[in-house]
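1. Give me a 3D structure for the following:
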Amino acid sequence: MSAPTFDAVVLAGGTGRRLGGASKPDVQLEGRRLLDHALDATRGAAAVVVVAPETVAVPPEVRRTLESPPLGGPAAGIAAGLAALGVAREPAPLVLVLACDVPRAASAVPALVTATVGSMADGACLVDPAGRRQWLVGVYRRAALERRFAAAPDGAGGLGVGRLLEGLTLLAVPAVGTQALDVDTWGDLARLGGEGAGSGIDPVS
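-> Coordinates of the predicted model:
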């Protein structure tokens, strides 16, 4: 078996505002947390970092970090994840960036990795059936991300993901089925067959 070619950063912060304040990574789908579904997508990674507060449980083999400042947004989370991946080891040249609220993304990861490895592009991201790029379901060359952070006037502070990736050459990988469906609301969860949140918050309230 060949050596892993990618590391993974899973973003599991945020306020869950559209879920009534529920902890989004702890929301249950088919008896498992959204975070656990997201971690399924990282199988084969050399190292995995979850960007999440201490209130979110992570497996012992997974690293944890938190963006600075907390709730600083996805770009700040990616920056924190990259920094954590580089501690005491040589990071992989590719980085899977994945939001925890896209529970069907695992089956898309091999295509994202293959597309990036087989090209000169800076990465590849999933595109939903409406043509929207899902920046947080993507595989990126670490060097390209680091260049973009270095070029940002304030680093990751206040930087949107679209701005972070602006100017990079990215391949579009069409989503199959529900691969790109993210869970922002209880209605989204219902469409995926979920029953509500592990926090006990009523999904219809």
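2. Looking at the chain, which helix is longest?
-> If you go by DSSP state H, the chain has its longest helix at helix 74-85.
3. After that one, which helix or strand is next?
-> strand 94-99 (DSSP states H and E).
4. where's P70, which helix or strand?
-> Using DSSP H and E, P70 falls within no helix or strand.
5. quick one, what contacts it?
-> 13, 53 (CB atoms under 8 Å, 6 or more residues apart in numbering). Using the backbone N, CA and C atoms, a C-beta is placed for each residue, glycine as well.
6. again with the one 10 residues further on
-> With CB under 8 Å, 6+ apart as the criterion, the residues that contact A80 are 51, 65-68, 156.
7. ok, back up a step: report the angle between the axes of the longest helix of the chain and strand 94-99?
-> Calculated by axes from the mean of the first three to the mean of the last three CA atoms, to 10 degrees, helix 74-85 forms an angle of 140 degrees with strand 94-99.
8. about what we covered before: from the contacts of A80, which land in strands?
-> 51, 65 (DSSP state E).
9. how about the contacts of A80 in CSV, adding neighbour count, pLDDT and distance to L112?
-> Converted to CSV, those look like this (neighbours: other CB atoms under 10 Å; pLDDT from 0 to 100; distance: CB to CB, whole Å):
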residue, neighbour count, pLDDT, distance to L112
V51, 24, 96, 19
T65, 19, 95, 23
L66, 20, 93, 26
E67, 24, 90, 23
S68, 14, 83, 28
A156, 22, 68, 22
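10. now the most centrally placed residue in the chain, which residues is it bridged with?
-> The chain has L98 as the residue nearest its centroid, 1.5 Å off, counting by CA atoms, centre = their mean. Judged by DSSP bridges, the bridge partners of L98 are V10, V137.
11. hang on, it packs against A106?
-> No: counting by CB atoms under 8 Å, L98 stays clear of A106, with 9.2 Å between them.
12. quick one on the thing from earlier: ok, the residue nearest to the centre of the chain to A190 distance?
-> 22 Å (CB to CB, to the nearest Å).
13. coming back round to it: quickly list what's touching both of L98 and A106.
-> Common neighbours of L98 and A106 (CB under 8 Å, 6+ apart) are A41.
14. List the buried residues of stretch 181-189.
-> 181-183, 186, 189 (16 or more other CB atoms under 10 Å).
15. now stretch 163-183
-> 164-165, 168, 170-171, 173, 175, 178-183.
16. List just the nearest of these to R43.
-> Q179 (15.6 Å; CB to CB).
17. Just say helix, strand or coil for that closest one.
-> coil (DSSP: H, G, I helix; E, B strand; the rest coil).
18. Burial check on the closest residue in space to it that isn't next to it in sequence, number of neighbours?
-> Nearest non-adjacent residue to Q179, counting by CB to CB, 6 or more residues apart in numbering: A108, 4.5 Å away. A108: 26 surrounding residues under other CB atoms under 10 Å.
19. and if you look at P53?
-> P53, neighbours per other CB under 10 Å, totals 15.
20. try A92
-> Look at A92: counted by other CB under 10 Å, it has 18 neighbours.
21. Then the one 10 residues further on?
-> Neighbour count of V102, defined by other CB under 10 Å: 24.
22. can I assume it sits in a strand?
-> No: under three-state DSSP, V102 sits outside any strand and is assigned coil.
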